[in-house]
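Participant: Please find the sequence and the predicted model below.
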Amino acid sequence: MANPALEQAIINEIRDKGISLPVLPDVALRARRIIDDPNSSAGDLVEVISQDPAIAARLIQVANSPLYRGAQHIDNLNQIVSRLGMRTVSQLIVSLSAKQVFTAKTPMVKRIMRDHWAFATQVAALANHIARRHTKLDADQALLAGLLHSVGGIPVIVVAEEIPKLQDAPAVLNELVESLQSRLGGNIVKAWDFPDLFADVIEHCGDLGYQHDGDPNYSDVVICAIAQARGISRTTDDRPIMAAEKLGVDLESSMIDDELDEAIRALGG
């Protein structure tokens, strides 16, 4: 585990240097405003997407991936909105544009940021898969929750660019990211005005022993997705992962087949 004094030093560095929370990309903000406006139309959403060619191209790629693939290939934005619906498309825009948040400058920090994003996309695709097959939860919300579960690590990685000693110790930096991302991530999704479920996922998903009464929730889904992505099926003290028990997920067997691998690549861009 990372040293508590070092963790506090990183928190202080983030505060003292005025490192701002990651800003949600403009296309995602505009898409969310359209969804929240009862007078908006599918055409309004298509117009917003069309102004960001990179997001438009990735939406078409994801819409034709195993996550959403239908009988016919989709090749334009109107078809995407018609088939998937405005709310699902809006959530996908947030998910896909989030990659713009994962940026860095120095080679080592770029590599860590790239790995951070790659793991997030794997968890997102797995969370979507698990929600569809094992719950009645919204699979698109599960995908977004999986993608954003580690967003709190971004300010920590950004700070590393200002601290040469951390750049020379990637293992220590990774430990700091793991340790601090739940502490910082809740603040980020609250600043983005996301529903409480995302902050709850960030708070609980690092705890493989997490359990609760009642029906399965998004934290259970993301915990199972993280465990599957890491190739683990029990807690560090060799106890069952209760989220998997609640969902009926067999973590001993790999869920990643060719179709899910294709979905992960589509999300990763």
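Facilitator: Everything's here; your move. Being a predicted model, the structure only gives us computed values, none of them experimental.
Participant: Give the next helix or strand downstream of the one helix or strand V109 maps to.
Facilitator: Here V109, judged by DSSP states H and E, is contained in helix 107-134. Counting by DSSP H and E, the next helix or strand C-terminal to helix 107-134 is helix 139-148.
Participant: What is the end-to-end distance of stretch 198-216?
Facilitator: Distance across stretch 198-216, first residue to last, is 15 Å (CA to CA, to the nearest Å).
Participant: Could you list the buried residues of it?
Facilitator: By neighbour count with 16 or more other CB atoms under 10 Å, stretch 198-216 contains the buried residues 198-202, 204-206, 208, 210, 216. (Each C-beta comes from the backbone N, C-alpha and C, glycine too.)
Participant: Same question for stretch 172-186.
Facilitator: For stretch 172-186, the neighbour count (16+ other CB under 10 Å) marks 173-177, 179-182, 184-186 as buried.
Participant: Closest one of the buried residues of stretch 198-216 to A169?
Facilitator: Checking the buried residues of stretch 198-216 against A169 with CB to CB, the nearest one is G206 at 21.3 Å.
Participant: would that closest one count as being in a strand?
Facilitator: No. Using DSSP: H, G, I helix; E, B strand; the rest coil, the secondary structure at G206 is coil, not a strand.
Participant: Verify the stated contact: it with G185.
Facilitator: No. Using CB atoms under 8 Å, G206 is not in contact with G185; the gap is 9.8 Å.
Participant: ok, back up a step: is it possible to export the buried residues of stretch 198-216 to JSON lines including distance to L67 and pLDDT?
Facilitator: Listed next are the buried residues of stretch 198-216 as JSON lines, based on distance: CB to CB, whole Å; pLDDT from 0 to 100:
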{"residue": "F198", "distance to L67": "19", "pLDDT": "95"}
{"residue": "A199", "distance to L67": "25", "pLDDT": "95"}
{"residue": "D200", "distance to L67": "24", "pLDDT": "97"}
{"residue": "V201", "distance to L67": "19", "pLDDT": "97"}
{"residue": "I202", "distance to L67": "23", "pLDDT": "96"}
{"residue": "H204", "distance to L67": "24", "pLDDT": "96"}
{"residue": "C205", "distance to L67": "21", "pLDDT": "95"}
{"residue": "G206", "distance to L67": "25", "pLDDT": "92"}
{"residue": "L208", "distance to L67": "26", "pLDDT": "94"}
{"residue": "Y210", "distance to L67": "26", "pLDDT": "95"}
{"residue": "P216", "distance to L67": "20", "pLDDT": "95"}
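Participant: closest to L247 among those residues?
Facilitator: Here the nearest of these to L247, counting by CB to CB, is P216; it sits at 5.3 Å.
Participant: one step back: will you turn the buried residues of stretch 172-186 into TSV that also has pLDDT and secondary structure?
Facilitator: Below are those laid out as TSV (pLDDT from 0 to 100; DSSP: H, G, I helix; E, B strand; the rest coil):
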residue	pLDDT	secondary structure
L173	84	helix
N174	85	helix
E175	87	helix
L176	86	helix
V177	87	helix
S179	86	helix
L180	87	helix
Q181	88	helix
S182	88	helix
L184	86	helix
G185	89	helix
G186	88	helix
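Participant: Quick one, grab the pLDDT at A244.
Facilitator: You'll see A244 listed with a pLDDT of 97.
Participant: C224 is in contact with that one, correct?
Facilitator: Yes. Because the distance of 5.2 Å satisfies CB under 8 Å, A244 is recorded as touching C224.
Participant: Which neighbours do these two have in common?
Facilitator: Among the neighbours of A244, those also in contact with C224 (CB atoms under 8 Å, 6 or more residues apart in numbering) are L251.
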